[in-house]
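> Just a sequence and a predicted model for now, questions to come.
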Amino acid sequence: MEIPHPQLLLFRESRMKLSNVSTYQHDFNGTPPPSSHRHRSYSGSGAPIGGGGAGVTVDGRTRRMSGAYSKPMPWAGGGATKPPMANNYLDSHGLNPGLGNAGYTNFPSVVNTAPAQAARMANYTRFAPSDWSASNIDHYNSADAIRNESERVRNEAVRLIREREDKTVMTQRDADRRIGERLHDETFWRSEIQSELERNINETHQLEAMRKNLERALAETEGPMRVNSECIYHREGRKGIDVVNDGVENSLMREVDNIKNCQSRMKRTLEQVNHQLGVNRNARHQLERDQANKDHSINIDHTCHNLMNTSRAINLHGGIEKVDPNVSIPETWADFTNRNIQASQSARSASQRLRGEVDNLITQCANEMWSSWSNTNMSFQQRVTEMNDAHNKLQSHLSKTMQEIYDQEKHVEHLKKAIRDKGNPLKVAQTRLEARAHRPDVELCRDPPHHRLVEEVGQIQESIDLLNRKLNEAEMAHQGLLQTKARLEHDLKIKSNSLFIDREKCLSMRKSFPVVSLATKL
């Protein structure tokens, strides 16, 4: 419902008070008003008071004119007599005469200044006592109405002041309470952020330490790879028949593949660790920014919570309540911090799992590389044993061959001496035959001595031929022994070279596992 303006209410009540003017006038004169006069006031009841009068509708009710009555002027009935134009001023109600020439307004006179006209003009400008009394009563009523209205306004204002004061105090207390609750919520979430931030920082430091261990383990895998490469390079120096695809070479190749596989897995895990560190740093950055915002907001709300009506830092900021700079509501505000904490917790969980994977990977790679290293060393030792056995056997055969060569050389000398020894008997037998061939005539007889000498020469020639064949065989055997000796000596050099490579060069480098950090995982 629309509340009328206080001045409009004052005006209406003052006009309604005029309805009692006629009553005050009758009481003052003690006579009823003449029927030819009309009342002029507003009546709240809508009925004419003291006679007729035209009604006026105000606020849905019919107002009729009543109140102080006056005699109609001659010109009121439409006669020929018109109101004079004089240098006097009458208000609209005829209640404030006598202003005269206060405004120095000169109206042109339309009447004659003859004495008769002046007397009649004087009658027209005079008021009746009833008008005078009505004017006073109207002033009294207006003063009472204004005083009553003023008292009502004062009472309502005092009541309004008290109500508004109580409401303002309650509103301020409620605002203080809500700001205090907001400070409690902000302090709670800030403590949660601080705790999670500390855990995030500790987890990040542990993951960084684990990354250093992984990088050191990855760098130390180059030691076994370098030793393995040197062993392969040295074994390329084998010669002859010893350049064989043996178990040592297969073990070295498997060890290389194993080391490369471990390096590949470590590199992939290192990339995961670096990515996880980035995720941890991002979560940490979000928490630190949220914490900084919480600190700033706590400082502001704490300052606001400590403000009082007597504070010096308060000021008016017109229209600030119409500005809405907020970007969140309590639900989204708490959800934002909760999501930051959950993101950090997820990052920490992933970081912990990754640290476990890194530790397991380092241990697994250490075991695999140590196993390959040990298998290769065992292959080397087995190969060295086989090579040493072969070398010893070759050495034994060389010794026997050397002895056989020596024996064969003595045998050849003996055969040669035997052949030389057959020369003199052959000479004796042939000399005898030649001497007996000079016998004269019939003395040249085929006697038994002659037959024996011929047989002896033949026998000696046969012995020499047999001995020469044996000598040739012995010399051929001697040459074979010499060739065998040469092959054995050459093979011994090859075996010695292979033994030196495998035992002195390779195994000497592989006495200790060249990975310190991985060795601690064994």
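Thanks, I have it.

> Could you grab the helix/strand/coil label for Val428?
When classified by DSSP: H, G, I helix; E, B strand; the rest coil, Val428 comes out as helix.

> Pull the number of nearby residues for it.
When neighbours are defined as other C-beta atoms under 10 Å, Val428 has 14 of them. For every residue, glycine as well, the C-beta is placed using N, CA and C.

> Now do it, the pLDDT please.
Looking at Val428, its pLDDT is 91.

> How much space separates it from Asn202?
Noted for Val428: a distance of 118 Å to Asn202, by C-beta to C-beta, to the nearest Å.

> And Ser150, by the same measure?
Distance of Ser150 to Asn202, computed by C-beta to C-beta: 76 Å.

> Cys262 now?
Cys262 is 29 Å from Asn202, by C-beta to C-beta.

> If you count surrounding residues, which of these two has more?
More crowded of Cys262 and Asn202, by other C-beta under 10 Å: Cys262, with 24 against 11.

> Which residue, other than its chain neighbours, is closest to that one?
Cys365 (3.9 Å; C-beta to C-beta, 6 or more residues apart in numbering).

> does that neighbour sit in a helix, a strand or a coil?
Classification of Cys365 using three-state DSSP returns helix.

> Equivalent analysis for Phe127, please.
coil.

> what number of residues lie near it?
14.

> Looking at it now. What's its pLDDT?
Phe127 carries a pLDDT value of 83.

> Find the residue at the geometric middle of this structure.
Nearest to the geometric centre of the chain sits Asn282, at 2.8 Å (C-alpha atoms, centre = their mean).

> That one and Tyr406, how far apart?
Distance from Asn282 to Tyr406, by C-beta to C-beta: 88 Å.

> got it, and Ala347?
86 Å.

> Settle it for me: which of those two has more neighbours?
Ala347 (23 against 11).

> Remind me which helix or strand that one belongs to.
Using DSSP states H and E, Ala347 falls within helix 330-421.

> Which secondary structure elements does that helix sit against?
helix 129-220, helix 222-235, helix 247-306, helix 448-499, helix 507-509, helix 516-519 (3 or more C-beta pairs under 8 Å, 6 or more residues apart in numbering; DSSP states H and E).

> Recalculate using a threshold of 7 Å.
Contacts defined by 3 or more C-beta pairs under 7 Å, 6 or more residues apart in numbering; DSSP states H and E place helix 330-421 against helix 129-220, helix 247-306, helix 448-499, helix 516-519.

> Helix 448-499 and that helix, what's the angle between them?
Put simply, helix 330-421 runs at 160 degrees to helix 448-499, going by axes from the mean of the first three to the mean of the last three C-alpha atoms, to 10 degrees.

> and helix 330-421 with helix 222-235, angle?
Comparing the axes of helix 330-421 and helix 222-235 via the same axes, to 10 degrees yields an angle of 20 degrees.

> Might you calculate how far helix 330-421 sits from the centre of the chain?
Averaging C-alpha positions (C-alpha atoms, centre = their mean, to the nearest Å) puts helix 330-421 46 Å from its chain's average.

> got it, and stretch 239-252?
With C-alpha atoms, centre = their mean, you get 55 Å for stretch 239-252.

> buried stuff in that stretch?
Buried positions in stretch 239-252, judged by neighbour count with 16 or more other C-beta atoms under 10 Å: Asp242, Asp246, Gly247, Val248, Glu249, Ser251, Leu252.

> so the first one makes contact with Leu492?
No. Using C-beta atoms under 7 Å, Asp242 makes no contact with Leu492, being 11.4 Å away.

> And for Lys212, the neighbour number?
11.

> measure it to Arg226 for me?
Applying C-beta to C-beta to Lys212 and Arg226 gives a distance of 22 Å.
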